[in-house]
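>>> I need the structure of the sequence given here:
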Amino acid sequence: MMNMCLLITHKLKEQVKQQSQRKRNMPKGRLVKFILTKLDIAIAKNVQLCSKPNPVQTNSIGTWKHDEKRIKKALLNLFVVGELPFKFVKNESFIEYKNALNGKVVLPCRTTISNRVTDYFLKEKANLFKLFSNPLSNVHLTIDYWTSSCQRSSYMVVTAHFIDEDWIMHKRIINFKSLDNIGRTLLTCLQEWGINNVMTITVDNDSANDKTIEILMKKLPNLYDGGKQLHVRCMTYILNLIVRDGFDQHQSSIKCMHKTVKYIRNSTQRIRRFKECMKELNVESKKFLCNDSPTRWNSTYELLQIAVDLEKIFGMFEVKDPTFVQDVLTPSKEHFNICRVMGGFLEKFKVKTNIVSTSTKPMAHRFFGEICDVYKHIKEWAASPQFCLIGKDMIDKYDKYWGDLEKLNDFLYFAVILDPRFKFDFFQQAFEKLIKLKNPQKDHMLNSEVILKAKALIRGLQQRFENFFYFYKSKFDNTDSSQNQAHGHEDVVVIDDENDFMGDLIVQTDYPSASMETELTRYLNEQSKQNTSRYAIVSRMAKAILRLQISTVASEAAFSTSGRILDPYRTNLSANIVEALVCTQDWVRKSRKPTVDNIDEILKDDEIAKALEEAIKNEDGKGKQPINIPE
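Alright, predicted model coming up:
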């Protein structure tokens with residue numbers, strides 16, 4: 001209100017000057033009263049104009065109006081987003097609450113609510129269909145599977161990731177169907193949505209996925225390189241496999257710690273006794289002993305970290321709990337030392353998992369640097385006699401998926417090339433460094449030999465990138481490029497300080513890119529920090545590749561929702577209703593919150609993106625807040 005008054009006062013100043021010129025003979029008291037009267041009238045008019053009913057702010061001023069359409073939509077959102085069972089409309093307390101708010105509202109029956117949810121789903125689906133209707137758009141998919149413990153049936157979730165013509169990132173669940181045949185279910189889903197341009201499909205390492213991808217390579221149209229780059233393996237899943245191989249070598253120490261923590265947490269008396277020991281030893285910690293999950297290695301990492309921090313508490317607990325030594329093997333000093341070192345080793349993997357698990361920012365251009373950093377980390381720890389066996393097993397698992405540089409998905413290389421800081425210059429240094437890391441025993445290996453091997457890899461990569469450019473040129477060269485020039489990315493997300501491999505490879509060199517003078521070569525030979533929006537085809541390529549997902553986390557997130565919807569009290573829900581509830585909830589939440597990100601802002605800097613996210617969180621219910629962008 002104060003800001004509004006100041007604005008009106010400012011506007012009235014000019015009127016006062018004009019009035020004072022005409023009313024020079026008016027007494028001073030009357031002039032002041034005249035000005036205040038004008039101000040009061042203006043404020044009153046402004047309040048009448050501005051104070052309309054606001055669905056978000058409940059304390060707004062205005063005359064309430066019964067809006068049947070708005071009430072129906074709010075009721076649907078209550079059941080879809082609030083995940084309420086349909087029979088809740090007959091709950092006595094809910095009916096009483098409804099009557100207290102508005103007795104005019106007539107609650108529908110559970111069947112009507114179910115039908116309205118289906119209609120709501122189809123209406124929202126029709127609106128989203130427009131986003132896929134552009135035949136020039138490209139979509140990346142993430143797929144995962146979930147089995148309902150209540151229905152004993154399996155479901156497949158498909159999430160589409162794409163960037164529209166305005167360079168806005170989108171992530172939408174487009175399928176949550178009962179699983180029969182993976183390939184057939186997926187093809188049916190794509191036909192329903194009219195999706196003709198699938199660039200990649202990110203899945204875990206299940207063998208059934210490999211067969212499905214082979215089938216889709218033959219069925220899907222408009223695939224680059226015959227679909228050879230369609231398959232992307234989930235990076236978090238492979239990291240999990242690598243870490244698990246490391247655990248196997250020190251299972252005795254980890255199992256001992258696991259049994260000890262489980263013993264303490266299985267009794268409220270033991271938990272209380274352990275906390276009393278913490279208090280006596282003046283140990284203040286906001287964290288307490290946690291159990292781990294056999295399917296989540298990071299939970300084991302958290303167990304080890306917390307247990308090691310509370311090491312001295314176990315000695316006192318052993319004295320105070322007479323059955324402790326009898327029931328479990330007390331962790332020794334050696335056990336704690338091994339767990340402490342293992343925790344330090346695994347911290348790097350936890351950081352990497354957190355980085356690549358995001359689905360709201362471009363991550364494809366970071367894949368190569370992250371896996372190189374993982375390899376460097378394993379090699380350094382493998383040099384220790386205590387962890388040489390761990391290092392060997394983990395490197396073997398690493399090489400199985402990421403060891404052959406020529407077999408990595410081309411799009412993950414192209415994403416780095418389309419980063420204006422790196423292009424091809426970066427790969428000359430990166431390949432040389434990797435070759436030396438992979439051959440430490442060949443100290444006699446001449447530097448010229450390393451350079452030649454690196455250049456051979458780059459030549460093959462350069463040829464494939466040019467092929468991809470001409471593939472896109474044939475699709476978009478005849479289209480209007482004005483939209484591409486209107487939006488473009490200045491830069492991409494800055495590599496974080498946690499990446500030791502990438503740290504000394506950001507310096508540019510003068511590696512020649514190609515022999516022909518084309519839009520592609522102009523972009524590749526341009527200095528790294530210049531704007532690339534002038535390049536229509538390259539801009540299209542970047543927009544298509546940047547949304548590639550390197551993990552399936554986006555699809556896994558749907559399982560927490562489905563687990564709440566299909567609880568033991570709602571096992572009779574049909575597969576169609578389950579899909580309508582899961583998908584519509586995802587779409588409604590995306591439309592309510594700014595969960596889609598603008599590339600123009602995100603691609604500048606990680607710190608800027610973080611500041612924007614914090615400002616957006618603070619904005620909810622408080623009005624617009626200033627955003628402090630780091631210098």
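>>> and Tyr237, what pLDDT?
On pLDDT, Tyr237 comes in at 89.
>>> A helix includes it, no?
Yes. Under DSSP: H, G, I helix; E, B strand; the rest coil, Tyr237 falls within a helix.
>>> wait, doesn't it sit right on Asp206?
No. Counting by Cβ atoms under 8 Å, Tyr237 does not reach Asp206; the two are 9.2 Å apart. Bear in mind the C-beta positions are built from the backbone N, C-alpha and C, glycine included.
>>> quick one, which of the two is more surrounded?
A direct count of neighbours by other Cβ atoms under 10 Å for Tyr237 and Asp206 places Tyr237 higher, at 17 against 13.
>>> list the residues that contact that one.
Asp204, Asn205, Ser551, Thr552 (Cβ atoms under 8 Å, 6 or more residues apart in numbering).
>>> relative to Ile550, how far out is it?
Distance of Tyr237 to Ile550, computed by Cβ to Cβ, to the nearest Å: 11 Å.
>>> same thing with Gln305?
As judged by Cβ to Cβ, Gln305 and Ile550 stand 26 Å apart.
>>> secondary structure element for Thr200?
strand 198-203 (DSSP states H and E).
>>> show me what that strand is packed up against.
Judged by 3 or more Cβ pairs under 8 Å, 6 or more residues apart in numbering; DSSP states H and E, strand 198-203 is in contact with strand 139-148, helix 207-219, strand 231-233.
>>> for Ile271, which of those is the nearest?
strand 139-148 (32.5 Å; Cβ to Cβ).
>>> quick check: buried residues in that closest one?
Going by neighbour count (16 or more other Cβ atoms under 10 Å), the buried part of strand 139-148 is Val139, His140, Leu141, Thr142, Ile143, Asp144, Tyr145, Trp146, Ser148.
>>> how about CSV for those residues, with distance to Thr521 and pLDDT added?
Below are the buried residues of strand 139-148 laid out as CSV (distance: Cβ to Cβ, whole Å; pLDDT from 0 to 100):
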residue, distance to Thr521, pLDDT
Val139, 29, 91
His140, 27, 93
Leu141, 32, 94
Thr142, 34, 93
Ile143, 37, 92
Asp144, 40, 88
Tyr145, 44, 87
Trp146, 47, 83
Ser148, 54, 76
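>>> of those residues, which is the nearest to Gln429?
Nearest to Gln429 among the buried residues of strand 139-148: His140, at 28.8 Å, using Cβ to Cβ.
>>> beta partners of that closest one?
In this entry, His140 is beta-bridged to His161, Thr200, by DSSP bridges.
>>> please look at it and Leu546 and confirm they touch.
No. Counting by Cβ under 8 Å, His140 does not reach Leu546; the two are 9.5 Å apart.
>>> make sure Thr159 is indeed in a strand.
Yes. Per three-state DSSP, Thr159 lies within a strand segment.
>>> got the contact list for it?
Contact analysis of Thr159 by Cβ under 8 Å, 6+ apart lists Leu141, Thr142, Ile143, Lys171, Arg172, Ile173, Ile174, Ala554, Ser555, Ala558.
>>> hmm, 6 Å instead?
Thr142, Ile173, Ala554, Ser555 (Cβ atoms under 6 Å, 6 or more residues apart in numbering).
>>> return the member of these nearest to Asp119.
When those are compared against Asp119 (criterion: Cβ to Cβ), the nearest one is Ile173, at 18.6 Å.
>>> wasn't Gln191 part of a helix?
Yes. Membership of Gln191 in a helix is supported by three-state DSSP.
>>> any idea how far it lies from Val203?
The gap separating Gln191 from Val203 is 20 Å, by Cβ to Cβ.
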